[in-house]
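Q: Okay, here's the prediction I keep looking at, along with the sequence it came from:
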Amino acid sequence: MERLKGQAALVTGSSSGIGAAVAKCFAAEGAKVVVNYASSSEEAEEVVEEIVADGGDAIAVQADVSQEDQVQSLFAKMFEAYGTIDILVNNAGVQQDSDFVDMTLEQWNTVISINLTGQFLCSREAVKEFLRRGIPSYSRAAGKIICMSSVHEIIPWAGHCNYAASKGGVMLLMQSMAQELAHKKIRINSLGPGAIKTPINQDSWDTPEAKEELLKLIPYNRIGVPEDIGKAAVWLASEESDYVHGITLFVDGGMTLYPGFATGGG
């Protein structure tokens, strides 16, 4: 299938993990992909090489999405390469965990700046281009934005106040943009991953004991893989979901069902 054929996509933070899987899934569906990275050029180039080896089209572009000038440069380089943007996936994100009383202002600001402000800056640049170009002949929407959120936009997470706050902010940023821009045929949604096997959370699943504890939170009784998110992102970016707008699609094996209450919460 080539559900994204000819469309230009930017996936932030796509040198590894979920972002890399989204980039590869998009390319497999015919999209031209900008693989964005903050620091690891080697990993980003490996993603690009894999896409190109499979017959796809991709380039790697460095930018720290929390910095306005770097975001603007990122989009300028994308437009130079591909002419426009059709799909933005706001995937770049970090965790800097700490007990609340010990959390530093730097830890708070770093997570909020990348996870939330970065989504604002990239979305603003994408929307400017969507409005300038209008609805292209190959899509029913003027443009599509997918915000990478988390189950923790609704599930509190002790020891991770900065991360949970950033994802709660992403939820209302996405919904508010969706409300404001729907009449311009700009389609905006979020993906809410649950427990996914990525380097950011390796400690939670890389030993039998850790895996057993984690599976207690997942009714479907398996830990997700990045491709689970990549496939969902393709659907949200495709014409198949054209009437889907302003929602968070949770891809979590049922984690948001609060499995601790399956037996009445006792």
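A: Received it, and whenever you're ready, just let me know what you need.

Q: check contacts around the closest residue to residue 139 other than its chain neighbours.
A: Nearest residue to residue 139, sequence neighbours excluded (C-beta to C-beta, 6 or more residues apart in numbering): residue 86, at 6.4 Å. Bear in mind the C-beta positions are built from the backbone N, C-alpha and C, glycine included. By C-beta atoms under 8 Å, 6 or more residues apart in numbering, the contact list for residue 86 reads 7-9, 31, 136, 139, 143-144.

Q: Mind listing what's buried along stretch 138-157?
A: The neighbour-count check on stretch 138-157 (16 or more other C-beta atoms under 10 Å) flags 139, 141-155, 157 as buried.

Q: for stretch 58-78, same thing?
A: The neighbour-count check on stretch 58-78 (16+ other C-beta under 10 Å) flags 58-67, 70-71, 74-75, 77-78 as buried.

Q: pLDDT below threshold where in this protein?
A: Low-confidence segments of the chain (pLDDT under 70): 265-266.

Q: Now do the strands in it.
A: Secondary structure of the chain (DSSP state E): strands located at 8-11, 32-37, 57-62, 87-90, 143-148, 186-193, 248-251.

Q: returning to what we had before: kindly present the contacts of residue 86 as CSV, with separate columns for distance to residue 95.
A: What follows is the contacts of residue 86, written out as CSV (distance: C-beta to C-beta, whole Å):
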residue, distance to residue 95
7, 31
8, 30
9, 25
31, 28
136, 37
139, 34
143, 29
144, 27
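
Q: Residue 160 is in contact with residue 150, isn't it?
A: No: with contacts defined as C-beta atoms under 8 Å, residue 160 does not count as touching residue 150, sitting 9.9 Å away.

Q: For residue 246, grab the count of nearby residues.
A: When counting by other C-beta atoms under 10 Å, one arrives at 16 neighbours for residue 246.

Q: so what's it closest to, chain neighbours aside?
A: With C-beta to C-beta, 6+ apart as the criterion, residue 246 has its nearest non-adjacent residue at 3.5 Å, and that residue is residue 178.

Q: Kindly report the same for residue 45.
A: In space, residue 45 is closest to residue 60, 5.5 Å off (C-beta to C-beta, 6+ apart).
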